[in-house]
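J.: sequence below, structure please.
(chains A, B and C)
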Amino acid sequence: MSNIRERLADIVGERFVSDKAEDLYFYGRDPGLMPAVHPDWVVLPETVEEIQGIVKMAQMEGIPVVPMGAGMSLSGLVIPQKGGIVVDMKRMDRIVDINEKARYVIVEGGTSTGRLNAYLNKKYPRLRFSIPDSPAATTVAANVMIHGQGRLTQQYGFNSDMVSGLEVVLPSGELCRIGSCAISNEWFSKGAPLPDLSGLFLGWFGATGIITKAGIKLYPRKLLRDVEIFVTDSPDFIPEIIYEITHTEMTEDINIFSQPLPLIFKDNHHVVIYFTGDSEEEIEFRKKTVFHSLDLFIRNKDGGFMSVGAGMKKSLLEMPQRNASTFADVTKGGGFEYSGPIITIDKYPQCTRKLDELAHKYDLKYHGTARIIGRGHAMMFAFSFTFNRSDADMLDRTRKALHEASQYALSIGGVFWKPTIDEQKMALQKMDPEFARLLKMIKTNLDPQGIMNPGNWESK
Amino acid sequence: MFDLKFDENLCLSCPTGACLVKCQYMELDKEQAKEEIINIFRGKDSPVLKECVTCYACEEYCRRGNHPFYLITQRREDKGILTAPRAITRQWVNIGEPKGKYEVGRISKKALSFGFMPQFLDITKGRLFEDVMPSYFFGQEFFCNVVYIHFGNTSVIKKRLPGVIKQIHDLGVEEVVFMHDECFAAFDSLGPAFGMQIPFRSVHYFQYLYERLQTLKDLIKPLDVKAAYQRPCSNRLCSETHKYLPVIMDMIGVDLVQRTYEDENALCCGSIFRSMFGYDLAADVQKRNIDDMTDNGAQYCIFNCHGCQNAMTAKIQARGIKPVHLVELCRMAIGEDPEKGV
Amino acid sequence: MKYSDIVHRCFRCGYCKFTDDYQEFNCPSYRKFRFDTFAPGGRMWLIRAWLNGEIENSERFQEILFSCATCGSCVEHCAFTFRDDLVNIFISAREELVNSGKIPPAVRDYFKGISIQGNPYRQPAKERGAWAKGTSIECYNGHEYLFYVGCVGSYDEIGMRTARAVSTVLTKAGISMGILGEKETCDGNEVKSLGEAGLFQSLAERNINMFKELGIKKIITLDPHALNAFKKDYPDLGGEFEVIHYTQVLASLVESESIKFNPFPAKVTYHDSCYLGRHCGEYDAPRSILNAIPGIELIEMEQNMENSFCCGGGGGNFFTDILGGGSDSPDRIRVRHALATGADILAVACPQCARMLEDATKTEGVQDKLLIKDIGEIVSECLTGLKR
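T.: Residues are numbered from 1 along each chain as shown, chains lettered A, B, ... in the order given. Alright, predicted model coming up:
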């Protein structure tokens, strides 16, 4: 395999391939806690053809290929478990096309959420997409690939539900279009009315192919946004509060957080409710409706709307929220990771209690965050711990706490979101064997040599 | 140990029952008013204890030296009658917890107190404050804690305020200019009402501004604007300071528009109402208040309290009124530009 | 290493490499190389790995560290509280490499030139004032200001052109100033940013002593890099002077209406030098000058002020060229930004930017479409004299 580097250089150009120790070091890890595994090569393709070339060559040589966006899953999804080639997609960051009236956009596989957001702000101020709170560097394609969630998730579900078409380089190196774009130039649907094959790729972390283009749905952007926070002193009220708020169908997004610091947040649970409107009247009507939906809690003194200061409001209204990243510096240590199962909203109280218990048991700084998915159909609950990267003992305690959180989440019926390799194994063990067999059948058929992001969704 | 000094006889002989008769949120006549306040004093149940919205105004309405609102809030606590949702009270109690993050400038005999509001550091600049700055302090350690009377929670005040008094005293200051009404009231009204000794002289910043403007009067260029004043609840605890406001406005050439809701009849900013009672009361009060400003041609709304300013800024701006803190307005009048920090 | 207690705090979230609207990558070395290792986060993680013995000081590691243009865009955009130290951290790591003796040859050559001749051009010190021949600028002799020109203004062809224009304009405007001529020596800003702390200190001390001996209190700099060193680093070494950039002098003359201009019809875009802008916080002065000249239509590039995209010359790269080369070279990208505005002139306020960008117009083959002009040159072409 000594000439692999040269062959990769022939495909992408000398400048954009590396087998240097520095690059292998960096691309062999992510900010989370999964152990590092160094790739053998890192390549930075710029075109679909280059990616096809890389995959075909890898297929011929039996070399693993791991596509990577910003590498910010925190759960090590782009750590090349068996070495091989890491394909950094970020040079493919063009916005290919937009259909304003049909409200969708097609972006290349390495386009960052930040870039798409900036583009829409400037060119299409009446359109928006579901921006996750991951850093702006994270890519649109990777975000839908991991079933990410964003600011519109309470209205429209997982960000992957908002996909409107895909272009994928299959493990064979062939290029395949998925959805309406398979038979039309229009990218309005990822499946319906055809058989929905997007599921062969979404949620697979690149184990079945590399997304080179993603169509995603855009939504009306209102002129105004605002945020209110309903606080309650007991997690037991949360499911009912969420049920009432989602019943109104008046909100843009609903998040919940609880954390011990700063003191203002101690011992309370905060339901962060986002509103949009094209006029003051519209937004006020929505607020009024939501406030009234919670009157009973207010009258019983079980909860109330706190005053949100200008600074806090600004930070909450940011998209993405930069302070979602700065949680990493709470212990002045550059790291955080969370176990983020998808659970039903009635599990909120027990999850938050478990989080407190784990944080105390392992002496960790933490916060609990939840994001409502759909009209209360589910929530992502993040057991989130911040750690000091230079404190080995703290890293160890954090790993243990996360592992326990994952076990707990699975035991109460939760399903892992963007699971680590270890969590994937736990999930495969627990799941319906026929489902696991079907997964294996798909993987084997699409990628018989097992070169695509190997280790992921692999059962024995 | 700190018991409220309250003289029942003053109520028994009260010719007006003004404390509750004038209440903007309850309908009581003179006899009912006297009866209820005496009932409350004697520890009996009273609908007032449930219905009071904590606007503080009765502290001002009582001209006989009693402290009806301190009494109400004390009795609510005695009887476990919650004013606010538990989580809101908890949050506020947590906010005031000392956490070692206070800041003390170069303290001299006279100092400015910002309570725990660092934003005062941004506005207490320029000629008006050159006499005293950088002698200032702020932080939870210096926070008056008076806000907890909104929450029927005097025990927190009794627990924390003596420590705050000591902290300030330990700075070695003789005179403190308080930039917030509640802080001033803590040492001028509430503390003494509960029998606390205050070992320094308390000055309200209205008085300070008035005196500074006198000194700097050659610099004043009348602003020639029409403004409404948003009088905060906390000014009711030190209502004698309210007299400075029209005088200062006159000095700096601001035309205080005649309003329905001014002076004793001022309306709450709605902030506390919103977190205690939800949408309707706050929305109603805010609407009446802001309508009253626009109807009377106010170009500016002058704030004395950052809490009011936070609650109302977006709403008044939407109606074309500019928010400004009193300090900033005074600075503008002497030719400074607070927005540029000059 | 200094700051070794901070390097592990980077989360590598990547905010550092963007403009503030996240539209573009604003880190010049990341924009060129595109490996995450060449972004500020990559550097942070690799510095830590190197300190921990997980990687070695290799050519690649040196390329990664020395391709940083110290432009400060990461300082502007990082989400964390330690962001103010990002560039300092990279410079400290370079210091460690310098101390270890394993550094890129181009960097070594630069230090050698400065140590021996006092300039990196391998030119004799006595040629330092040659640019001033034919101008009326005097040698410093108790003038109100020292006009400090710096290496690029003294030896680089374009730099000299700029120095002549600026000195002519300021002299004409009645500013009392003189130069050091052959006595001038390097200000050391690039020496420091390339990690040679000892050499920097000796240069700075020599300069400070000379300035003091000559009774200099106020300094006007041609080069924003010198401005930065004099303002930020010299005070710690006992050199407290009143230092301003020449655009700031011109801007105050404009504001006081002490100078007036003939019409200068042109579409002009302005490139913020990183050391004048992000490092020293001056964005308005150059713009106020251009806006005061009748006929100039000032058109902003999308990446401007705090979001300005570096020409690639900072952090010593002007001399070492570790960051340059290829179509994604920052100077060429910047020229394309300027062309996109439809401007005919790309105005600059830094001789290093001027040289970088003028070379890039040639490489891009657009020297006929886009002229690079220092603000001093523009002013010299349209200044009519003093208003009375």
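
J.: who's in contact with the closest residue to chain B within the stretch 251-388 of chain C?
T.: For the stretch 251-388 of chain C, the residue closest to chain B is residue C:284, as judged by Cβ to the nearest Cβ, at 12.7 Å. All C-beta spots, glycine's among them, are computed from the backbone N, C-alpha and C. If you count contacts by Cβ atoms under 8 Å, 6 or more residues apart in numbering or on different chains, residue C:284 has them with residue C:251.

J.: state the distance from the residue nearest to residue B:110 when sequence neighbours are not counted to residue B:210.
T.: In this structure, residue B:110 finds its nearest non-sequential neighbour in residue B:175, 4.6 Å apart by Cβ to Cβ, 6 or more residues apart in numbering or on different chains. For residue B:175, the distance to residue B:210 (Cβ to Cβ, to the nearest Å) stands at 15 Å.

J.: higher neighbour count, the two?
T.: residue B:210 (18 against 14; other Cβ atoms under 10 Å in any protein chain shown).

J.: so who does that one touch?
T.: By Cβ under 8 Å, 6+ apart, the contact set of residue B:210 is B:244, B:247, B:248, B:251.

J.: so what's the residue count around the third one?
T.: Yep, that's residue B:248 we're talking about. Residue B:248 sits with 20 neighbouring residues when counted by other Cβ under 10 Å.

J.: quick one: residues contacting it.
T.: Residue B:248 touches B:206, B:209, B:210, B:213, B:326, B:330, counting by Cβ under 8 Å, 6+ apart.

J.: ok, and the most crowded of those residues?
T.: residue B:330 (29 neighbours).

J.: tell me the pLDDT of that one.
T.: At residue B:330, the model reports a pLDDT of 98.

J.: is it correct that the residue nearest to residue B:110 is in contact with residue B:109?
T.: Yes - checked against Cβ atoms under 8 Å, the pair residue B:175 and residue B:109 is within contact range at 6.6 Å.

J.: send me the strand ranked longest in chain B as PDB with only the CA atoms.
T.: Assignment by DSSP state E gives strand B:225-230 as the longest strand of chain B. Output of strand B:225-230 as PDB, limited to C-alpha atoms (Å, rounded to 0.1, in the frame of the first residue of the first chain):
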ATOM      1  CA  VAL B 225     -37.200  67.200  25.500                       C
ATOM      2  CA  LYS B 226     -40.500  65.700  26.800                       C
ATOM      3  CA  ALA B 227     -40.100  62.700  29.000                       C
ATOM      4  CA  ALA B 228     -42.200  60.400  31.100                       C
ATOM      5  CA  TYR B 229     -40.700  59.000  34.300                       C
ATOM      6  CA  GLN B 230     -41.100  55.400  35.200                       C
END
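
J.: any idea which residue sits dead centre in the chain?
T.: Defaulting to chain A. The residue lying closest to the centre of chain A (Cα atoms, centre = their mean) is residue A:148, at 2.9 Å.

J.: wait, chain C was what I had in mind.
T.: Central residue of chain C (Cα atoms, centre = their mean): residue C:225, at 4.3 Å.

J.: one step back: which other helices and strands does the longest strand of chain B contact?
T.: helix B:244-251, strand B:254-256, helix B:279-295, strand B:300-303, helix B:306-318 (3 or more Cβ pairs under 8 Å, 6 or more residues apart in numbering or on different chains; DSSP states H and E).

J.: tell me the most buried of these?
T.: Greatest average neighbour count among those goes to strand B:300-303 (a mean of 25), per mean count of other Cβ atoms under 10 Å in any protein chain shown.

J.: still on that earlier bit, just to be sure, the residue nearest to the centre of chain A is in a helix?
T.: No - Residue A:148 sits outside any helix when classified using DSSP: H, G, I helix; E, B strand; the rest coil, being coil.

J.: so for it, what's the pLDDT?
T.: pLDDT for residue A:148: 98.

J.: which stretches of the chain have low pLDDT?
T.: Answering for chain A, as no chain was given. Chain A contains residues with pLDDT under 70 at A:1-2.

J.: other chain: chain C
T.: Residues of chain C meeting the criterion pLDDT under 70: C:385-388.

J.: tally of neighbours for the residue of it found nearest chain A?
T.: Residue of chain C nearest chain A, by Cβ to the nearest Cβ: residue C:22 (2.6 Å). Neighbours of residue C:22 under the rule other Cβ under 10 Å: 25.

J.: and residue 154, what element?
T.: You didn't pick a chain, so chain A it is. Per DSSP states H and E, residue A:154 falls inside helix A:153-156.

J.: sorry, should have said chain C
T.: Per DSSP H and E: helix C:150-155 holds residue C:154.

J.: how about residue A:192?
T.: With DSSP H and E as the test, residue A:192 turns up in no helix or strand.

J.: neighbours around it, how many?
T.: Other residues near residue A:192 number 10, with proximity taken as other Cβ under 10 Å.

J.: same check on the one 5 residues further on?
T.: Residue A:197 is surrounded by 17 other residues when neighbours are defined as other Cβ under 10 Å.

J.: ok, it touching residue A:189?
T.: No - taking contacts as Cβ under 8 Å, residue A:197 lies outside contact range of residue A:189: 11.6 Å.

J.: overlap of the contact sets of the two?
T.: Common neighbours of residue A:197 and residue A:189, counting by Cβ under 8 Å, 6+ apart, are residue A:179.

J.: whichever helix or strand residue A:66 is part of packs against which elements?
T.: With secondary structure defined by DSSP H and E, residue A:66 is part of strand A:65-68. Packing partners of strand A:65-68 (3+ Cβ pairs under 8 Å, 6+ apart): helix A:48-61, strand A:85-88, strand A:210-217.
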